[in-house]
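> kindly generate the corresponding structure for this input.
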Amino acid sequence: MKTLIIDNEENIRTGLIKQLKAFCHSVKEIKEATGVENGINAISEFKPDLVFLDVEMDDGTGIELIKRLGNFNFQLIFITAHDKYAINAFKLSAIDFLLKPIDAEDLILAVSKAEKNLKSKTLELQFQILQESLSSITINEKKIVLKDNESIYFVKVSDIVHCKAEGPYTEFYLTPQQKITISKSLKEYEELLEPFGFIRTHHSHLINIKRIVRFDKADGGTLILENKQEVPVSQRKREQIMELLNNM
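Okay, here's the model as predicted:
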């Protein structure tokens, strides 16, 4: 893969080149750029298969660079310092990102995924969701990208009724009656969806509080959701759920 690194920090570019040469043998040719302007020129001239793109640079952001490009046909991996808000946006869009300093194992995995996705046509839609996640659009319009073995789904967060853990998988129950099974843990989605009004009611269940229809207090407590599913409430969560419902 022809690879372009766009980052204003020389030590990051140098370290990344060394790691790519040592661990990622599918990367055959590497070029560098230091910011938005010369990054756009480098993309036009070099026509990379894979771009590593810094989020914050001296003359603008990586987001601005991609917006200015319009259409693009390379795989994209953002490079970012630890910023929980930005990281959640990347997770919602399912666009790959690496945290500085870059871990070799994370890099190998990201490059491997990029190589497999070279012919994918969904990256521009994913980037649109990333922009929406970073913008001030209403929660009702926010989206999340869910990937299973066969498909990529672009789902409104507000359409998720509840999520259920099934071993290492998470089952998403949506409106109207739809189920998507994803090979990621419920814990990961709990952290991602909590800011949108989701709460863990039980070790196996994460629910959208706006989709609650009724709370049956018998036998410890059961929530009835809009899709008519019954979700248990653990003893540990009962008081928190009661307080939440009383304040709705």
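
> make it CA atoms for all contacts and neighbour counts henceforth
Will do.

> gap between the residue positioned nearest the centre of the chain and Lys67?
When C-alpha atoms, centre = their mean is applied to the chain, the residue found nearest the centroid is Lys91 (1.5 Å). Taking C-alpha to C-alpha, to the nearest Å as the measure, Lys91 falls 19 Å from Lys67.

> for Leu134, same thing?
According to C-alpha to C-alpha, Leu134 and Lys67 sit 13 Å apart.

> domain-wise, how is the chain divided?
Following the assignment in automatic domain parsing, the chain carries domains at 2-134, 157-246.

> which one of these lies nearest to Glu141?
Closest to Glu141 of those, according to C-alpha to C-alpha: domain 157-246, at 7.5 Å.

> what about stretch 108-124, start to end distance?
23 Å.

> element containing Glu37, please.
Element membership for Glu37, per DSSP states H and E: helix 36-46.

> show me what that helix is packed against.
On a contact count with 3 or more C-alpha pairs under 8 Å, 6 or more residues apart in numbering; DSSP states H and E, helix 36-46 meets strand 2-6, strand 29-33, helix 62-69.

> who touches it?
By C-alpha atoms under 8 Å, 6 or more residues apart in numbering, the residues outside helix 36-46 that reach it are 4, 6, 31-33, 57, 59-62, 64-65, 69.

> re earlier: nearest residue to the residue nearest to the centre of the chain in space, please, no chain neighbours.
Distances taken as C-alpha to C-alpha, 6 or more residues apart in numbering place Leu192 nearest to Lys91, at 7.5 Å, with adjacent residues excluded.

> pretty sure that neighbour sits against Leu92.
Yes - counting by C-alpha atoms under 8 Å, Leu92 is a contact partner of Leu192 at 7.4 Å.

> compare those two and say which is more crowded by neighbours.
Using other C-alpha atoms under 10 Å, the more surrounded residue of Leu192 and Leu92 is Leu92, with 25 against 18.

> mind checking the SS state of the more buried one?
When classified by DSSP: H, G, I helix; E, B strand; the rest coil, Leu92 comes out as helix.

> how much space between Leu99 and Asn11?
As judged by C-alpha to C-alpha, Leu99 and Asn11 stand 14 Å apart.

> ignore the last one, Ala104
For Ala104, the distance to Asn11 (C-alpha to C-alpha) stands at 15 Å.

> before we move on, what about Tyr169?
Distance of Tyr169 to Asn11, given as C-alpha to C-alpha: 38 Å.

> out of the two, which sits in the more crowded spot?
Remark: of Tyr169 and Asn11, Tyr169 carries more neighbours, 14 against 10, as counted by other C-alpha under 10 Å.

> where does this structure dip in pLDDT?
Low-confidence segments of the chain (pLDDT under 70): 85, 136-139.

> for it, which segments count as helices?
Remark: helices assigned in the chain by DSSP state H are 10-23, 36-46, 62-69, 84-93, 104-116, 123-134, 186-193, 235-246.

> any chance of the ones you listed in JSON lines, plus distance to Ile207?
As requested, the helices of the chain are exported to JSON lines (distance: least, C-alpha to C-alpha, whole Å):
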{"stretch": "helix 10-23", "distance to Ile207": "40"}
{"stretch": "helix 36-46", "distance to Ile207": "41"}
{"stretch": "helix 62-69", "distance to Ile207": "32"}
{"stretch": "helix 84-93", "distance to Ile207": "17"}
{"stretch": "helix 104-116", "distance to Ile207": "30"}
{"stretch": "helix 123-134", "distance to Ile207": "21"}
{"stretch": "helix 186-193", "distance to Ile207": "9"}
{"stretch": "helix 235-246", "distance to Ile207": "11"}
